[in-house]
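Peer 1: from the sequence below, what's the structure:
(2 chains)
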Amino acid sequence: MKKIVVVIALISLTIVIAFGILSQREYEQTPLMKLKEKYYKKHKPSVDHSKFAVLQQHFTAPQQVTAACIGCHNLRDKEVMKSSHWNWEREEFIPGRGIVYIGKKNVLNNFCIGTQGNEESCAKCHIGFGMDSKGKVFTDSTNIDCLVCHDNTETYVKAQEKGGAPVTTLDFNKIAQGVGKPKRTNCGVCHFYGGGGNNVKHGDLEISMFEPGKEIDVHMGTDGMNMQCVDCHTTEKHIISGKLYSMASTGTNRNTCEQCHTNAPHEDDMLNKHTLKVACESCHIPVYAKVNATKMSWDWSTAGKLKNGEPYIDEDSFGNHAYMSIKGSFKWKKKVKPDYIWFNGTASHYLEGDKIADTSQPLVLNQLHGSYSDGESKIIPVKIHESKQPYDPTNRILIQPKLFAENKGEGAFWKDFNWQTAAEVGMKDANLPFSGKISFIKTKMYWPVNHMVSSKEQTVKCKECHTRNDSRLEGLTDFYMPGRDFSKPAETAGVWLIILSFLGVLTHGGFRIFNSFKNKKEVENEQENI
Amino acid sequence: MSKKIYKVYRSFERFWHWMQALLIFFLAFSGFEIHGGYTFFGFKNAVKYHTIAAYMFLILIIFAIFWHFATGEWKQYIPSLQNIKAQLNYYIFGIFKNAPHPTKKTVLSKLNPLQKLTYFGLKIMVIPVIVTSGLFYMFYRYPTRHGIEAMNIHSLEFIAIVHTIAAFFLVSFIIVHLYLITTGETVTSNLKAMLTGDEELEDYSHDKSPVDFPEDLTATIEEIS
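Peer 2: Below you'll find the predicted structure:
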């Protein structure tokens, strides 16, 4: 009876297994495959701009092109004029300050410090023409520079220091007829050069991203998905999703990986558990500045040295500027391991005129908020940029120097190399007090690293964080992490417990062996005696 | 006194014992790799294998608990203070002079008083603590992930430290246990008994009642064996 049951059980089990193996498995698409399918279909424009009569006219000024654009795309200009790209400021809520309007207009950074008084030069990266320090540009819609974003011919170039105007040699007809959805080149032409040169600011956005390989960025790789910036930075009414916390303060309109990949994208549940506290970027961007070096520090205090009365430039081993008379000394780094911080999507900023509470500590210009105990926070990778920049020790405020001017004698540091006059003119332009004293203070900025995503084979390995020595998360000590942390008393007690157990066992065993010999001898002796 | 071979450890008990030994060894080895200090499997694999072994250990424990209650064997582990002093005396002095074991090993009382106390401590303290803290370790994110705010566990620290301390105790137990195996009738007699189940004991079949076990239980055990 028993045997029959066993045999039947075995036979049924074999049948079930055979069915499982042999039956045609239904092909199931993984979420990642669906995403790839979605983004593989490239955008096809629905109209051919070269056929429009209005674009055949002879353009002599960029404003005429804009007028032609608005002629058909009416109301679009109103959208653009609400965007931070146009206004250089955003309505933001900062805890402790309330609602403020912040942006390039009034936030100071530790690169070229600020735009005020330097508009004509900075406007090379404004989506408008004719910017001056008066701000009139912001109200006239024909000053919108449609082409800098929508030129698909890759021939449109803005002029240096001309308030945002393009160079004069352009073929406006060709460009206007070749407009379309922004490509990597359109965004990159400004965002890759932030801070006055390639990869100065971000570290993860630079010229190698114009045509990157998959090994530089797995999404944008031209040998892979070849995605464009706007595929992720989706846009509604010219308001582009995603923002950077060198400027932004609130957690609204953020772009995250999860928006496409969900918060459980791994097959391994142990990895999915991480997404609660660890941002995708922390593991998937093991290094930034993969191809070209990025600026890690900027010392303004050494600026102004001249050789034979002329400004000069020194280069480092990468071929990057190590010293510039107009800007000071720099340190650059390539293939940088990011720093890691907790971040909940909110930040506070040093705004022009803010009093510095403690001048003995490095001043953080954009404090990113977050901690382990805060449920919204995740660990994100950042680039930390350090600087030494001028401040007024009497008024305890950062100095916004006048840097750029057309001619010598207007007080601009880049022409006259005089901190005193540069500070005086700059602070007057910014409507800020200046005591006449200049000192230099260390400052820090946090730049979240979000691009240059590596393939899954290249991600950060478990052991790079879960280790006692040189953990990538060494600096984040407000939580317990397996492999890195332990309780010192428990560890000491535990190790001693084991040592004592061993010693006890060895001693006891040793005695037993010793005694067994002794007993044997005694027995032998007794036998001899007998 | 005459000797007789008894079935001291029945097949499930031996399977349970050796499986448990294997799992504890493996869990300790992979667990301390996760804890830090050495690399063998690699962190990711160590975590994976540790988790799988933990589930196997849990299943084994469930079967073992059932077996202990079904057979009544659990009563073997009830500690008593009787003869503890004699047993201690034996380990500290007697053992070196080839003195006889102070307690008589029988099928119904196969643990000496110190064993009873130690295993009882393992069963109600160390194992429950390591299992519970282990379960918390695995699932402490569950409430937060699924929005059960009232049950959120904010820190792993306490869980992890308790788990580690329990692990140290288990490792220490294993060291001493492995040594004490050699203190049977001969150096290998205990090991042989746990491998084959059979051990030569003093024939007590004519004794009145070696231990105070209720009659029905004795009957049950004999029936099963």
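Peer 1: show the contacting residues for A:E526.
Peer 2: If a contact means Cβ atoms under 8 Å, 6 or more residues apart in numbering or on different chains, then A:E526 has no contacts. (C-beta placed from N, C-alpha, C; glycine too.)
Peer 1: actually B:A193, not the one I typed
Peer 2: B:A193 makes contact with B:8-9, B:184, B:199 under the criterion Cβ under 8 Å, 6+ apart.
Peer 1: swap in A:W447?
Peer 2: With contacts defined as Cβ under 8 Å, 6+ apart, A:W447 is in contact with A:201-203, A:244, A:246, A:382-385.
Peer 1: in TSV, list those residues along with secondary structure, neighbour count and pLDDT.
Peer 2: Output for the contacts of A:W447, formatted as TSV (DSSP: H, G, I helix; E, B strand; the rest coil; neighbours: other Cβ atoms under 10 Å in any protein chain shown; pLDDT from 0 to 100):
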residue	secondary structure	neighbour count	pLDDT
A:K201	coil	26	95
A:H202	coil	27	95
A:G203	coil	28	94
A:L244	coil	16	90
A:S246	coil	23	88
A:V382	strand	21	97
A:K383	strand	22	97
A:I384	strand	16	97
A:H385	strand	25	97
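Peer 1: excluding sequence neighbours, find me the nearest residue to B:S189.
Peer 2: Excluding the flanking residues, the one nearest B:S189 by Cβ to Cβ, 6 or more residues apart in numbering or on different chains is B:E199, at 6.7 Å.
Peer 1: follow-up on the earlier one: just curious, which of the contacts of B:A193 is nearest to chain A?
Peer 2: Closest to chain A out of these is B:G184 (12.5 Å), distances taken as Cβ to the nearest Cβ.
Peer 1: tell me where the stretch 301-450 of chain A has strands.
Peer 2: A:313-315, A:321-324, A:328-333, A:339-343, A:347-349, A:363-364, A:366-368, A:378-392, A:397-398, A:439-448 (DSSP state E, counting those that start in this stretch).
Peer 1: just the CA trace of the last one, in CSV.
Peer 2: Think strand A:439-448. Provided in CSV are the C-alpha atoms of strand A:439-448 (Å, rounded to 0.1, in the frame of the first residue of the first chain):
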residue,chain,number,x,y,z
SER,A,439,38.4,89.6,3.2
PHE,A,440,38.0,86.0,1.8
ILE,A,441,35.8,83.3,3.2
LYS,A,442,35.7,79.6,2.5
THR,A,443,32.4,78.6,0.9
LYS,A,444,30.8,75.3,-0.2
MET,A,445,28.2,74.3,-2.7
TYR,A,446,26.5,71.0,-3.2
TRP,A,447,25.8,69.9,-6.7
PRO,A,448,23.6,66.8,-7.0
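Peer 1: pull the longest helix from the chain.
Peer 2: No chain was given, so I picked chain A. Longest helix in chain A by number of residues (criterion: DSSP state H): helix A:488-529.
Peer 1: you looked at the wrong chain, it should be chain B
Peer 2: The helix that spans the most residues within chain B, counting by DSSP H, is helix B:43-71.
Peer 1: gap between the following helix or strand past it and the chain center?
Peer 2: Sequence order places helix B:84-92 as the next helix or strand after helix B:43-71, per DSSP states H and E. Helix B:84-92 has its C-alpha centroid displaced from the chain centroid by 21 Å (Cα atoms, centre = their mean, to the nearest Å).
Peer 1: against which helices or strands is the next helix or strand after helix B:84-92 packed?
Peer 2: Of the helices and strands lying after helix B:84-92 in sequence (DSSP H and E), the nearest is helix B:113-121. Under the contact definition 3 or more Cβ pairs under 8 Å, 6 or more residues apart in numbering or on different chains; DSSP states H and E, helix B:113-121 sits against helix B:84-92.
Peer 1: contact residues of chain B facing chain A?
Peer 2: Contact residues, chain B versus chain A (Cβ under 8 Å from any Cβ of the partner chain): B:34-37, B:39, B:42-44, B:47-48, B:51, B:91, B:95-98, B:141, B:144-145, B:154-157, B:160-161, B:164-165, B:167-169, B:171-172, B:175-176, B:178-179, B:182.
Peer 1: now a PyMOL select for only the buried ones of those.
Peer 2: Entered in PyMOL, the line below selects the buried ones among these, by 16 or more other Cβ atoms under 10 Å in any protein chain shown:
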select buried, chain B and resi 34+35+36+43+47+51+95+96+141+144+145+156+160+161+164+165+167+168+169+171+172+175+179
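Peer 1: low-confidence bits of the stretch 401-530 of chain A, can you list those?
Peer 2: The model of the stretch 401-530 of chain A has pLDDT under 70 over residues A:530.
Peer 1: near chain B, which residues of it?
Peer 2: Within the stretch 401-530 of chain A, the positions near chain B by Cβ under 8 Å from any Cβ are A:461-463, A:466-468, A:479-487, A:490-491, A:493-495, A:497-498, A:500-502, A:504-505, A:508-509, A:511-512, A:515-516, A:519.
Peer 1: so who does residue 185 touch?
Peer 2: Defaulting to chain A. A:154, A:210.
Peer 1: that answer is for a different chain, and I need it for chain B
Peer 2: B:101, B:200 are the contacts of B:E185 under Cβ under 8 Å, 6+ apart.
Peer 1: do you know the pLDDT at it?
Peer 2: Note on B:E185: pLDDT of 83.
Peer 1: now the residues of the stretch 401-530 of chain A next to chain B: which count as buried?
Peer 2: A:462-463, A:466-467, A:479-487, A:491, A:494, A:497-498, A:501, A:505, A:508, A:512.
Peer 1: quick check, the residue in the stretch 301-450 of chain A closest to chain B?
Peer 2: A:S373 (6.3 Å).
Peer 1: for that residue, give me its contacts.
Peer 2: A:S373 neighbours (Cβ under 8 Å, 6+ apart): A:478, B:154.
Peer 1: and it, its phi and psi?
Peer 2: phi -70, psi -10 (degrees, to the nearest 10).
Peer 1: for it, give its distance to A:W342.
Peer 2: The gap separating A:S373 from A:W342 is 9 Å, by Cβ to Cβ, to the nearest Å.
Peer 1: cool, B:T186 as well?
Peer 2: From B:T186 to A:W342 the distance is 62 Å (Cβ to Cβ).
Peer 1: more neighbours, these two?
Peer 2: A:W342 (21 against 11; other Cβ atoms under 10 Å in any protein chain shown).
Peer 1: if that one is in a bridge, with which residues?
Peer 2: With DSSP bridges applied, A:W342 shows beta-bridge pairing to A:I379.
Peer 1: that one contacts A:L473, correct?
Peer 2: No - between A:W342 and A:L473 there is no contact under Cβ atoms under 8 Å: 10.3 Å.
Peer 1: between these two, what contacts are shared?
Peer 2: Listed contacts common to A:W342 and A:L473 are A:I379; contacts here mean Cβ under 8 Å, 6+ apart.
Peer 1: per-residue pLDDT, whichever residue of chain B sits closest to chain A?
Peer 2: In chain B, the residue found nearest to chain A is B:F168; the distance is 3.3 Å by Cβ to the nearest Cβ. Looking at B:F168, its pLDDT stands at 97.
Peer 1: noted, bye for now.
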